[in-house]
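Novice: fold the stuff below for me.
(chains A and B)
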Amino acid sequence: MVERTRGLDIACHAILVLGGLLVCLPIYFAFVVGSHTIGDVLAVPAPWLPGDRFFENAQTAWQKGNLGRLLVNSVIVAVGITVGKIAVSLLSAFAIAYFRFRWRMLAFWLIFVSLMLPVEVRILPTYEAVANVALPLQWLVDALDVGRLMGVEIALDWNLMNSYGGLILPLIASATATFLFRQFFLTVPEELCEAARIDGAGPMRFFRSVLLPLSLSNMVALSIILFLYGWNQYLWPLLFTTDKEMATAMVGLKTLIPQSDSEPAWNVAMNAALLVMLPPVLVVMVLQRWLVKGLVDSGK
Amino acid sequence: MLASTSAPSTQGTRHASGAIFIDASKDAPQKWRAPSGSSAARTPRRGGERYSTAGLKRAHYRQARLPFLLLLPQLLVLLLFFFIPAFRALAQAFVITDPFGNSVQFVWFDNFRALLASPEYQSSVWITLWFTLAQNALTIGIAGVLAFATDRVIRLRGLYRSIVLLPYAIAPVIAGILWAFLFNPSVGPVAHVLKMMGIAWDPIRSGFDAFLLVTFAASWKHICYNYIFLVAGLLSVPPSLLEAAAVDGAGPGLRFFRIALPMIGPTIFFLLVMNFVYGFFETFAIIDAVTRGGPGGATMLLVYKVYQDGFVHIDLGSSAAQSVLLMAFAIILTLLQFRYVERNVNYDV
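Specialist: Residues are numbered from 1 along each chain as shown, chains lettered A, B, ... in the order given. Model prediction:
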């Protein structure tokens, strides 16, 4: 610090403590309610301290919300999205930064433009696209009238609804991750590639043995953000799963929220909310430094 | 086509990463062309470049097929789930389909005209606007104060940071549930306190209360994001500037407003854009968990309305027209975000 300002320092600590309380109090109350019976929760005055029913409520929530199955789904989807996005964008960034070919700038711009189309604004047509991925092919078949040539009616149908593919595949394109890796590749010394070529390594060998190990820290930082992104997805699984067994924990959680005062099982709902937010919270707490790096890098 | 599109990107990336970016066509002498056998020798000389080399490594490969294979997965996903759906939304916005899907009639801008004239849509636009502005002011304001304080303290700084960061891990749905509980009139602790203070509070019946509740929940979830960037931005302000100002007699407050704040201006601009993106597109889950657009449409944000009209009321033309308008807005926001990358010249956050 430049100078000593006792009063201001105390005020700063006070502000930060207030900020901490603002963050923690909602979580604390979720814990308090999650550890009481519903009778205690509805009593006046309401409890302000944790009770002893936490694990019983957790059990109820687990069964009522089918959380075992849904959490497994969430893990599969979140990991699938993370791995898929990183793999796909690493390859694209490699192609764009290290190859000279005819449609390079076009590919770059196509990926860039996708930034402008968040899922939320094209809900309905994307829904149709997932309900039948083969639809564009079908148009092609219809337009070319292939069916009449061969004397058969061709109906293509490839439905991704209620499958892990439908939950993961449409989300693995990532302009942000592609740009992050491209930006990183541009900082890699040119000599590495030249040396690799002199040693007779082809492009894929160079990618595997030089670029991948170098990108490791970026991959870790990014995968934290992507894992949180995948785990916290809501709209997408809500739309593409009609089968309750294929929903994710986020969607299942909604069925536990009391919608009326007739059955106010807030203790179970809050308990489930705590369970579902536990994995990402742990990830953030343990890997905080990497998270900040990833966020600041990808915002750039 | 290549010439026109490559120009802004060259500029943008060079500004963003300074010396890091190496543009083969400008900086590198010709002999630096990567050794790639006979094909290098056949390269047309400067000025006769066939394709743009913006953002290309100086040492690169020349192959035709491999890069396409590498790009294929990403482009295929984009084609199937981005471009074709977006194009179909565009097409659907200009037609009326009867409920059984038998006849399709091209109606030019009728869907848009009906949409813009409908009072529900107008009120939804205003609600979204107010929501986003309030959320923006709350998050940047609180995050700014916290970041300023974090920059001043030395002891416990790491702990404070970890705690303020926590909501980043929490999904919007869960943030919504937590706040819905806190402010629930029959069980929520905050609602109890309000009742004791004699303040009437009922988000289930009062539209304004519901609006406040949704705004609080959305802001609470997003403060951490703003905070991370502001703290990183304040850290990157050169200490020599601050010390010089201190020698000239500027106190901590003056230094913050006169030096640190202008220097992190681009970061704030970026955060404003990102908050708009968040408010417009990512708050769907909060609305769905807390109010479902009610009561009486008081929290009917635009993205929730697209979903409602498309999936609940099955009004395809109107939903598609709304999608197109939102897309236009998303494009504007992305371009603004891109401006940030270009303006971020002096230092990296």
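
Novice: pLDDT below threshold where in the chain?
Specialist: Picking chain A for this. Residues of chain A that meet the criterion pLDDT under 70 lie in A:1-2, A:44-45, A:145-156, A:260-263, A:299-300.

Novice: wait, chain B
Specialist: Checking chain B against pLDDT under 70 turns up B:1-52, B:98-103, B:340-349.

Novice: helices of the stretch 1-150 of chain A, start to end?
Specialist: A:6-34, A:38-42, A:54-64, A:67-98, A:104-113, A:123-131, A:135-144, A:146-150 (DSSP state H, counting those that start in this stretch).

Novice: so what's B:Y304 up against?
Specialist: Residues in contact with B:Y304, defined by CB atoms under 8 Å, 6 or more residues apart in numbering or on different chains, are B:F284, B:I287, B:D288, B:R292, B:G293. All C-beta spots, glycine's among them, are computed from the backbone N, C-alpha and C.

Novice: burial of A:R208, as a residue count?
Specialist: 12 (other CB atoms under 10 Å in any protein chain shown).

Novice: secondary structure class for it?
Specialist: helix (DSSP: H, G, I helix; E, B strand; the rest coil).

Novice: now it: how far from chain B?
Specialist: Distance check for A:R208 against chain B: by CB to the nearest CB, to the nearest Å, it reads 13 Å.

Novice: quick one: which of the contacts of B:Y304 sit in helices?
Specialist: B:F284, B:I287, B:D288 (DSSP state H).

Novice: by neighbours, which of the residues you listed wins?
Specialist: Neighbour max across the ones in helices among the contacts of B:Y304 (other CB under 10 Å) = B:I287, 26 neighbours.

Novice: and the nearest residue to that residue once chain neighbours are set aside, how close does it get to A:Y234?
Specialist: Once flanking residues are discounted, B:I287 sits nearest to B:Y304: 4.7 Å by CB to CB, 6 or more residues apart in numbering or on different chains. According to CB to CB, to the nearest Å, B:Y304 and A:Y234 sit 12 Å apart.

Novice: list residues touching both of those two?
Specialist: Common neighbours of B:Y304 and A:Y234 (CB under 8 Å, 6+ apart) are B:F284, B:D288.

Novice: state whether B:Q105 is indeed within a strand.
Specialist: Yes. Judged by three-state DSSP, B:Q105 forms part of a strand.

Novice: for the residue lying closest to B:L90 once chain neighbours are set aside, what are its contacts?
Specialist: Among residues not flanking B:L90 along the chain, B:V324 sits closest, at 5.9 Å (CB to CB, 6+ apart). Shown in contact with B:V324 (CB under 8 Å, 6+ apart): B:A89, B:L90, B:A93, B:F112.

Novice: select only the buried ones of those in PyMOL?
Specialist: Here is the PyMOL command that selects the buried residues among the contacts of B:V324 (16 or more other CB atoms under 10 Å in any protein chain shown):
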select buried, chain B and resi 89+90+93+112
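
Novice: coming back round to it: in JSON lines: the helices of the stretch 1-150 of chain A, plus distance to chain B.
Specialist: Conversion of the helices of the stretch 1-150 of chain A to JSON lines gives the following (distance: least, CB to the nearest CB, whole Å):
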{"stretch": "helix A:6-34", "distance to chain B": "4"}
{"stretch": "helix A:38-42", "distance to chain B": "6"}
{"stretch": "helix A:54-64", "distance to chain B": "13"}
{"stretch": "helix A:67-98", "distance to chain B": "4"}
{"stretch": "helix A:104-113", "distance to chain B": "5"}
{"stretch": "helix A:123-131", "distance to chain B": "4"}
{"stretch": "helix A:135-144", "distance to chain B": "6"}
{"stretch": "helix A:146-150", "distance to chain B": "20"}
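
Novice: need these in a markdown table (columns: mean neighbour count).
Specialist: Formatted as a markdown table, those follow (neighbours: other CB atoms under 10 Å in any protein chain shown):
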| stretch | mean neighbour count |
| --- | --- |
| helix A:6-34 | 17 |
| helix A:38-42 | 16 |
| helix A:54-64 | 17 |
| helix A:67-98 | 21 |
| helix A:104-113 | 20 |
| helix A:123-131 | 21 |
| helix A:135-144 | 13 |
| helix A:146-150 | 10 |
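
Novice: distance to B:Q63 added to the ones you listed, as CSV?
Specialist: CSV is the format used below for those (distance: least, CB to CB, whole Å):
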stretch, distance to B:Q63
helix A:6-34, 51
helix A:38-42, 66
helix A:54-64, 53
helix A:67-98, 10
helix A:104-113, 12
helix A:123-131, 32
helix A:135-144, 28
helix A:146-150, 33
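
Novice: from B:R58, how far out is A:L169?
Specialist: A:L169 is 36 Å from B:R58, by CB to CB.

Novice: fine by me, thanks again.
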